[in-house]
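In: After the sequence you'll find the predicted model.
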Amino acid sequence: MKRKFAILILLSGLIFFANKAEALDITVTGSWSETINASDLISGAGSDLIDSYESASNAVSLSISGTTGTWRIDVKKIDTTWHGDFILYVKRTSDGTGGGVSGGTAYQEVSATDLSFFSGSDDVSGINTQVKLSGVSIQIPPDTYTTTIYYTVVDT
Amino acid sequence: MKKLLGVLLAAALTLGLASIAMAATDSGTGDVTITLEEIAQLDVVGGNISFTFANSGTTAGSLPTVSDDAATSLSWTSNVSANSRKITAQLSADYTSGIVLKATVTKAGGNGTSGGIQTLEQTSAKDMFTGITNENVTGNTVTYNATLSNMIAPVTNESKTVTWTLLAAAA
């Protein structure tokens, strides 16, 4: 009887911790679309295109839930149709609501490899981020270029 | 019974630890879409010009002449995905028979080639510069040359418009 009771307690504990750990979640809301045309020439005919473009400061919003303490956000991109001259950057523009966040308030380049973006603790909602593109010029053929930014929350 | 309990414990432990390991991260995505449109912008810099075939300075027995005008220049910005572009020039209407207006573009930069001296007409646009690709250039001098092919009756203020166009090479 005692043995069976101990086993039951052990199983219950394992199930509890399993459920607790599965709850970590990041919700990403928003995207950025930019159209570049003749109106973006530096000074009309004879000039090149403006080099850099920024999204709205709240273009992409992140919400972190199911946390058990501290966490970190990593960021990377996976290109669909991209140009080698383009450089993409992200930065955090608000603290969101709840918990605490730190870092990531200066633009950092987004590459194909996960890099630390910012960190925080506890559940936080509505953390605004901004995206910037540089490297635009008349040397880039007209086309539609797309990439996807991956935001990964890591329990720390 | 003991063996069964051991198997159940092992399974539960594995499930629990696997869940703990898998739940340490989660990802979400945001798309970035950049649309770069075709750009074809041309500026004619320099304003209006005029030629006067005057009596003074004309040698008896010879046709009156005027000096070339090189006060006009072209600036352009172009991006293309395939075929290169060209610049054409065309008169709004022909001059009185006997008056000939020619023009040439001197390359200041870029990848293209000047079409040389062309006689401007109303009936057809002349290729003044070809082979334009992805480039932005300024200060390409237009030299206008006006001549009389034969003596004509005096005319005044015979004003025509030269239209310069940057377009696809296939056009």
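Out: Great, that's in hand. Since we're looking at a predicted model, the values are computed, not measured.
In: CA atoms for contacts and neighbours, from now on please.
Out: Will do.
In: I'd guessed residue B:161 sits against residue B:95; true?
Out: No. Counting by CA atoms under 8 Å, residue B:161 stays clear of residue B:95, with 10.6 Å between them.
In: more crowded one of the two?
Out: The neighbour count for residue B:161 versus residue B:95, taken as other CA atoms under 10 Å in any protein chain shown, is higher for residue B:95 (16 against 13).
In: Which strand or helix spans that one?
Out: In the assignment (DSSP states H and E), residue B:95 maps to no helix and no strand.
In: what's the distance between it and chain A?
Out: Remark: distance between residue B:95 and chain A (CA to the nearest CA, to the nearest Å) = 30 Å.
In: Looks like that residue contacts residue B:158 (just checking).
Out: Yes. Between residue B:95 and residue B:158 there is a contact under CA under 8 Å: 7.2 Å.
In: where do the strands sit along chain A?
Out: Counting by DSSP state E, chain A has strands at residues A:25-29, A:32-36, A:53-54, A:60-65, A:70-81, A:87-92, A:100-102, A:108-109, A:115-121, A:124-134, A:143-155.
In: how close does the nearest residue to residue A:116 once chain neighbours are set aside get to residue B:28?
Out: Excluding the flanking residues, the one nearest residue A:116 by CA to CA, 6 or more residues apart in numbering or on different chains is residue A:74, at 4.3 Å. For residue A:74, the distance to residue B:28 equals 11 Å [CA to CA, to the nearest Å].
In: Give me the common contacts of those two.
Out: A:150, A:151, A:152 (CA atoms under 8 Å, 6 or more residues apart in numbering or on different chains).
In: Just name the closest of those residues to residue B:32, please.
Out: When the shared contacts of residue A:74 and residue B:28 are compared for distance to residue B:32 (CA to CA), residue A:150 wins out at 11.0 Å.
In: and that closest one, bridged to which residues?
Out: Assessed by DSSP bridges, residue A:150 has beta-bridge partners residue A:76, residue B:29.
In: coming back round to it: how about the contacts made by the residue nearest to residue A:116?
Out: A:114, A:115, A:116, A:117, A:118, A:150, A:151, A:152, A:153, A:154 are the contacts of residue A:74 under CA under 8 Å, 6+ apart.
In: Pick out the most distant pair among these.
Out: A:118 and A:150 (13.7 Å).
In: okay, the two: which has more neighbours?
Out: Neighbours per residue, other CA under 10 Å: of residue A:118 and residue A:150, the larger number sits with residue A:150, 21 against 18.
In: What sits closest to residue B:101 if chain neighbours are left out?
Out: residue B:146 (4.5 Å).
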